[in-house]
Structure formats: structure tokens, C-alpha cells
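Colleague: got a structure for you, letters missing:
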């Protein structure tokens, strides 16, 4: 549906911005595919030229086992990005927090990007690159407090907009963040049309999507199972704080 | 995050079903990637063996330009599926509605599958395979009425469960449908934990996700731009009704 819909949105009679947006989305080993595909679908329907960026053109692994091929290497990434985006995946994010080539690349591209954005634990990577110092920001609930170590003001909201930084909460927040970014770039009416095409009127069958709603037992359970990786993220956030 | 989380969910100390679920998800040319990845992520966190099915092992195109490689051909699809799932993408669904090899394959697998499921326009394909006759079902808002031509009772809800048929609305309904299916298979507590890991507490920035909320202007606009494909779907639904 969306490919044809994107074409239809482009050639429509109503007055719409005709300039193609230029969106660059980092992809990386051990990423969460849904972190990417939510906002990617929104951008695709918002008439964007989308680059999937990685160091080299080799498949990266994702949580669901679907390998992703980058379309564009860091070296070939265009200038003047409308959106620079970093998805999450805790294991992968912890690795990137220690990878100076990735952090330097993001810091350089962020200088000229119109919006610097992330979903889920991708904010940890932006933070380690020094890109959230002095900004309000969020991340997945189980690591968002770590952003404070890297100079951010942590805001426990689903999508946080502070000047040109737009960060989303865990995984599924990518759809909300994508629509928020689309509205900034294309206007609210355009974003609403994308929302309608994606039938985004969510009705979760349960009320357990945040630590406040899920209750102590489920939260403890998730935290316990994730404790090693969360601790690794904390160590890297502290390392980053010494550099920044 | 999710790969490690899935592993963590498996080796946890709490009592959880240890049997791997067997999930087979059709993929096809011109599909909408988000239709797949929403429920796929939920299933992946629900300890499932996931097969991405197509006729042969060759890349299929998706709306966002990411090619997908099937993991399993129709010929190699295992028996005794816990879940048979069909994603959407209107152009692709219209093509499948005319493809007897796909419809026959789905009808055969549905005989022994525990749950027969779809998201978005994937329900049109289930319908054309005769799998929704006498069932309550839904689909993307702009085509769901066509299900009635193929013997279904159309229910304008986000997720419709009728015996072992579970159908979701457009695109993003895949997350809600995925959690609903996971709860049937693994229990409500398990599904809630997945919801918490995915931080699925949606807060759409706008209220335009259904035709009722988006208003007449946006609805007319989307319908006008999609009219050729919707009409093609109607023709195929009528063709199917003659066969069924």
C-alpha cells in the first residue's frame, strides 16, 4: 500500500511541498528493526529520499533476524540532511557508544542536519556523541536516566522536542516520533494524512506499555533480565561523560 | 534490544511456556514492511520460530525499498503452524487475490494452523482464499467493506477475533494484533511483558488515525488517490465471490 500511496501523495492535486526531504537513518549490527521501520514508513509516505547509513555496504543483523543492507556508506552520505536518525537496540547501542568512528560521523553530520533524532536506545548514541548536552531528551524507559550522565535533561515523555533535537521512547515510540518529525517538516495536515493512511489509531489490548502501568512485578522482571546490558550502557555513559 | 531480550525471556527463572511457537508469515512483492515487522517483533519476543514464506527464495520488494529474503519456500513450509499470518500492501494484495498458487497454499496451511491471521489488506487475500467465509473480520478502513463480498461479516474494529481467525486493521494495527495473538498463545502476562519491553504506550501526536477522526477532507483525499487500486480490489473480491 505505502509505495503506491507515497506516489499518490506526491502527484496529488492539493498544494504540498514538492521538494524531496533528505533523510539519513543509521543502521547498525544488533539494531531493532521496528525502531527503524516505524519512522521509515512515515518518512517514505512524506516524500523523502531515504539513506540507510553504515560504515560499509555489508549486511547488518537485526533483532528479528532480517538482515539489512545499507544503501549509503558514511563516506557517501550527502550533506544538508533534513533528518539524521538513530534507531536503538540496547546491545548495538552500547557497542556504538564505544565506536569513535560512528560518534565522530554523527557529530559531524549533526552540525548541518535540520533535525537530529533518535528512537529507543539510539538516544544513548546521540548522547555519547555529545549531541544531547543541554537538551531535553528521552530514550527507552529502562535506560533513559543515563542520558543525564551525558548532559541531557531527561524527560519521561513519549516524544521530546527541544529545538532541533527530537527523541522518542522505546521501540514503538518511533511511529509517534516519525509523525512528529513529519509534521515539523511537512506541516500538520500532511502528517495527519500519513497517520490516516497508516490507520494509526492504536488500541493496545493491554495497559502495560510503561513501567508505571505494567506494575512492579513485570518491571522488575524486565530489569533483572536486562541488568547486564543496562550496566554496560551505564559504564559507557560514564566514559562518554569524561570525554564530553 | 529485542534479540537479547528474546534470549533473556527464554532463559528466565519465571515459569514460561518453553515450547517454541511456530509462526509462518507470508511475504510478497509490494508488501508493506511495517505490516510485517510489528507482529514479527512481538512474535520474536514470544519465543517463536519464524518462517518468512514465499514461492521461491528470491528477494521481494517492499514499500520502503528494503528488499526481503524469504527464509522458507512454500514447498518447505512446516506443518502444524501455531500462526499463519498475511501482511498487506494494497497493490500486492490485489495481485495475490488473483494468484491461485498462493490462495491454494494458504487454504491448505489454514486447515491445520492454530491461528489464521492478517493485518491491513492481507485480509483480502485470506478472503479470496475462502478463509473468512462465515467469520467476523476487519481490514484497512478503505477496503474492509470488500470482505463482505467474500462471505465475511465486516467489523470496524482494530483487531477482530472470531474463533481462530484474528484480523487487524491498517498497517499499525499489526502491533495490536500481534499482542492479541501472543496473549492467546502465551497468556496475558507474557503479552504484557512484551508490551512493556516494546514500550507500547502509544501517544499519537494527532487524532487522525481513522476516517471518523480524520474528517471528510483527508478521507476524500486518500480515497481519491487510492481509487484505482481500491476498484481493482473490488473487482477481485467479486471474482473471488464467484469461486467461493
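Modeller: Received it, and whenever you're ready, just let me know what you need. If you're wondering where the values come from, they're calculated on a predicted model, not measured in any experiment.
Colleague: Now do the strand or helix carrying residue A:95: which elements does it pack against?
Modeller: Using DSSP states H and E, residue A:95 sits in helix A:90-96. For helix A:90-96, the packing partners by 3 or more C-beta pairs under 8 Å, 6 or more residues apart in numbering or on different chains; DSSP states H and E come out as helix A:122-128, helix A:227-243, helix B:2-10. Placement of C-beta: from N, CA and C, glycine included.
Colleague: Which parts of chain A are strands?
Modeller: Assigned by DSSP state E, chain A shows strands spanning A:21-26, A:48-54, A:72-73, A:83-86, A:115-118, A:136-137, A:153-154, A:159-162, A:165-168.
Colleague: got CSV for the helices and strands packed on helix A:90-96, with distance to residue B:42 and mean neighbour count too?
Modeller: Converted to CSV, the helices and strands packed on helix A:90-96 look like this (distance: least, C-beta to C-beta, whole Å; neighbours: other C-beta atoms under 10 Å in any protein chain shown):
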stretch, distance to residue B:42, mean neighbour count
helix A:122-128, 20, 31
helix A:227-243, 20, 16
helix B:2-10, 10, 20
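Colleague: Can you give me the first-to-last residue distance of stretch A:188-205?
Modeller: End-to-end distance of stretch A:188-205 (C-alpha to C-alpha, to the nearest Å): 28 Å.
Colleague: Just the buried residues of it, please?
Modeller: A:190-202, A:204-205 (16 or more other C-beta atoms under 10 Å in any protein chain shown).
Colleague: Neighbours of residue A:179, how many?
Modeller: When neighbours are counted by other C-beta atoms under 10 Å in any protein chain shown, residue A:179 registers 28.
Colleague: per-residue confidence for it?
Modeller: Looking at residue A:179, its pLDDT is 98.
Colleague: cool, residue A:10 as well?
Modeller: For residue A:10, pLDDT reads 42.
Colleague: Other residues contacting the helix holding residue A:95?
Modeller: A:28-31, A:102-103, A:121-122, A:124-125, A:128, A:140, A:143, A:226, A:229-230, A:232-233, A:236, B:1, B:3-5 (C-beta atoms under 8 Å, 6 or more residues apart in numbering or on different chains).
Colleague: I'd like the mean pLDDT over that helix, please.
Modeller: For helix A:90-96, mean pLDDT rounds to 98.
Colleague: Equivalent analysis for stretch A:48-66, please.
Modeller: 96.
Colleague: measure residue A:67 to residue A:34 for me?
Modeller: 15 Å (C-beta to C-beta, to the nearest Å).
Colleague: List the residues that contact the nearest residue to residue A:127 once chain neighbours are set aside.
Modeller: Nearest in space to residue A:127, with sequence neighbours left out and distances taken as C-beta to C-beta, 6 or more residues apart in numbering or on different chains, is residue A:150 at 3.6 Å. Listed by C-beta under 8 Å, 6+ apart, the contact set of residue A:150 reads A:124, A:127-128, A:130, A:132-133, A:237, A:240-241, A:244.
Colleague: Just the closest of the residues you listed to residue A:172, please.
Modeller: Comparing the contacts of residue A:150 against residue A:172 with C-beta to C-beta picks out residue A:124 as the nearest, at 17.8 Å.
Colleague: hang on, the earlier thing: now, which of the buried residues of stretch A:188-205 lie close to chain B?
Modeller: Counting by C-beta under 8 Å from any C-beta of the partner chain, A:191-193, A:195-202, A:204-205 from these sit close to chain B.
Colleague: quick one on the thing from earlier: out of the contacts of residue A:150, who's nearest chain B?
Modeller: When the contacts of residue A:150 are compared for distance to chain B (C-beta to the nearest C-beta), residue A:124 wins out at 11.0 Å.
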